[in-house]
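Engineer: Need coordinates for the following:
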Amino acid sequence: MRSNPGFVLIAAFAGGISACGGGTDPGPRPVPTCTLGGTVAGLAGGGMVLQNNAGNDLSVGAGASSFTFSGAVGQGAASSVSVKIQPSNPAQTCTVTGGTGTIGAANVTSVAVACTTATSAITLGGTITGLSGSGLVLKNNGTADLTIATGAVSFTFPGELAPGTAYNVTASAQPYGPEHLLP
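Structural biologist: Numbers count the residues shown, from 1 in each chain. Sure thing, here's the model as predicted:
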């Protein structure tokens with residue numbers, strides 16, 4: 001049997017090509033990753049959802065004091081944490097500080113979420129019937145004198161009260177007029 005020198009050369013070349021990459025070079029290294037999270041303050045309501053980069057959503061329960069997004073974030077990647085859904089029951093407004101930046105070489109725990117309870121302040125007032133004299137003075141909880149004009153049909157105390165605030169309206173001075181004079 002005769003060997004063909006061209007065939008041997010091709011076989012040797014093919015063997016050399018297939019051996020490339022089989023050395024000690026592991027190839028490209030994966031980008032190191034870190035976690036992204038932080039603290040939560042004042043969260044009383046439920047249903048809050050945080051979001052990183054408009055896609056990685058994280059539900060945060062009422063009373064939580066910290067959070068960490070699931071999944072790792074690559075070093076050098078941009079992050080932008082925001083509140084996607086504000087909490088409810090009670091309604092709250094939560095704001096994020098320190099949520100925008102570039103992931104460095106360590107886990108990020110410096111994002112801060114602060115929540116405040118939304119208040120819908122109310123005014124205290126009512127109706128008046130049959131007032132013909134002058135001098136009527138009303139008080140709320142023993143303070144906040146409110147002088148009522150003759151012939152008034154309604155009243156409103158100045159300022160606002162938080163929802164759930166107790167009140168007790170009393171007359172601290174009764175009206176007087178001709179019908180109240182002694183002979």
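Engineer: what's around residue 49, how many residues?
Structural biologist: Residues near residue 49, counting by other C-beta atoms under 10 Å, number 14. Where C-beta positions appear, they are placed from N, C-alpha and C, glycine not excepted.
Engineer: who's in contact with residue 154?
Structural biologist: Counting by C-beta atoms under 8 Å, 6 or more residues apart in numbering, residue 154 makes contact with 125, 126, 127, 128.
Engineer: Please identify, among those, the one with the most neighbours.
Structural biologist: Counting neighbours by other C-beta under 10 Å, residue 128 comes out on top of the contacts of residue 154 with 15 neighbours.
Engineer: Which parts of the protein belong to which domain?
Structural biologist: 33-117, 125-175 (automatic domain parsing).
Engineer: Going by distance to residue 149, which of the contacts of residue 154 wins?
Structural biologist: Proximity of the contacts of residue 154 to residue 149 was ranked by C-beta to C-beta; the top entry is residue 128 with 9.8 Å.
Engineer: quick one: pLDDT of that closest one?
Structural biologist: pLDDT, residue 128: 89.
Engineer: ok, now residue 4?
Structural biologist: According to the prediction, residue 4 has pLDDT 59.
Engineer: Repeat that for residue 143.
Structural biologist: We have a pLDDT of 79 for residue 143.
Engineer: now it, which residues is it bridged with?
Structural biologist: Note on residue 143: beta-bridge partners by DSSP bridges are residue 140.
Engineer: For the domains of the chain, which has the smallest mean pLDDT value?
Structural biologist: Averaging pLDDT over each of the domains of the chain puts domain 125-175 lowest, since it has a mean of 86.
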